[in-house]
Each structure stands twice: as structure tokens, then as C-alpha cells.
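1. just the structure for this:
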Amino acid sequence: MNAPQESEGTAFVKARAAVERLLKFRPRSAGEIADKLKDKGYTKTVTEQTISYFTKLGLIDDVAFTKGWVQSRLNKPYGTRRIIQELKQKGIKDETIAGELEKARSNYDELETVTRISNIRIKVYKNLDKIRTRRRLQDYLLRRGFSPETIQKALRGLFKDDDRE
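-> All right, here's what the predicted structure looks like:
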């Protein structure tokens, strides 16, 4: 895409157009933009210049991106472990992730969420024995990014008065 004979000015214009297309679909982190531009063959200088341009415009903001991502993923609902992993893959700094998760946790009860999901999901496994049901439910919740400790607490509560022995 970025031919060696192109001037930096031309490459910058093309990189801006590429980023504008990406931002039409959803907000992006600076890390995502950098990866996309690198994949398209843009130099580090052009990439940094482009990210700086969109950051100054307020169209690339990792804190706002993180806040939105955390809220949307908690509403799915996904666990914080998965959210952290996704944000790290998108190039978000650990302190940004920690700060936004801390704010979100004030309105979020992971145990209540896991219990609610478990009560809904257990109906899918109604024809299985208790051990298989518990294992599949646990695996499902782990894939969604909930902590093993929270899953165990929720499942203990769910299965203690279960009459499907």
C-alpha cells in the first residue's frame, strides 16, 4: 500500500483516509490503529503522525475507548478477566484498564451476574446429570471470563439445593 517512492506527505494523507474508514465502524484504540497501519505497510513515522493527528481531534482516545469497551462487555455479560485480555490485545495500558474497571465495578456485582447467567444457562443442560451440568456450566462461565472463585461460589449456591441428584 505504502510504496517506497511515495513521499511522507502522500503516505500521511493515505493513512488518514485509512483511519477514517476504520473509525466509521466503531471507536478504535491507538494500538489497534497502529497495528492496522503497520499491516498496510506504513512507516512508524507516518503511523505516529496519523495517530497524533486523530488524537488531537479527539477521535482516538484510549481512556474513552476503554470506558466504552468495559461497559459494553459487562452488559453482554462478560467477566473482567476476559475484558482485561481483550483490552490488552487492543494495546490499552494496564493502568488505563485498571482505572476504568475500578470505576465500573462500583456498579457491577460479578457474583450476582454469574448466578443470574447460571440460572438461565442451566436449562440448556436439563437432560444431563449433575456432574456434567456443573462441569459444562463452569467451562461456559470460564470462557466468558469470570473468575474461578466467583464461579465456584455461584455454583455452590446453585447446586446445594438442587434436587437433580
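
2. drop to CA atoms for contacts and neighbour counts, all remaining ones
-> Noted.

3. which helix runs longest in this structure?
-> The longest helix of the chain (DSSP state H) is helix 8-25.

4. how close does the closest residue to residue 78 other than its chain neighbours sit to residue 12?
-> Spatial nearest neighbour of residue 78, chain neighbours left out: residue 144 (5.1 Å); criterion: Cα to Cα, 6 or more residues apart in numbering. For residue 144, the distance to residue 12 equals 39 Å [Cα to Cα, to the nearest Å].

5. check which helix or strand covers the residue nearest to residue 60 when sequence neighbours are not counted.
-> Nearest residue to residue 60, sequence neighbours excluded (Cα to Cα, 6+ apart): residue 54, at 5.6 Å. Using DSSP states H and E, the element containing residue 54 is helix 44-57.

6. just the residues contacting that helix, thanks.
-> 8, 11-12, 15-16, 30, 33-34, 37-38, 60-61 (Cα atoms under 8 Å, 6 or more residues apart in numbering).

7. same question, stretch 109-120
-> Residues outside stretch 109-120 that contact it (Cα under 8 Å, 6+ apart): 77, 79, 137, 141, 146, 150-151, 153-155, 158.

8. and it, what's its mean pLDDT?
-> Mean pLDDT, stretch 109-120: 94.

9. and the next helix or strand past the longest helix of the chain?
-> helix 30-39.

10. mind listing what's buried along that next one?
-> Using 16 or more other Cα atoms under 10 Å as the test for burial, helix 30-39 gives 30-37.

11. stretch 77-95 now?
-> So for stretch 77-95, counting by 16+ other Cα under 10 Å, buried means 77-80, 82-84, 87, 90-92.

12. and what of stretch 18-32?
-> The neighbour-count check on stretch 18-32 (16+ other Cα under 10 Å) flags 18-19, 27-32 as buried.

13. so can I have CSV of these showing distance to residue 102?
-> Output for the buried residues of stretch 18-32, formatted as CSV (distance: Cα to Cα, whole Å):
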residue, distance to residue 102
18, 34
19, 30
27, 21
28, 21
29, 19
30, 22
31, 22
32, 23
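
14. tell me how many other residues crowd the closest residue to residue 12 other than its chain neighbours.
-> Excluding its sequence neighbours, the residue lying closest to residue 12 (Cα to Cα, 6+ apart) is residue 46, at 5.7 Å. Residue 46 has 22 neighbours, counted by other Cα atoms under 10 Å.

15. now do residue 131
-> By other Cα under 10 Å, the residues close to residue 131 number 10.

16. go through the helix or strand it falls within and flag the buried ones.
-> For residue 131, the host element (DSSP H and E) is helix 130-143. Across helix 130-143, burial judged by 16+ other Cα under 10 Å covers 130, 133-134, 136-138, 141-142.
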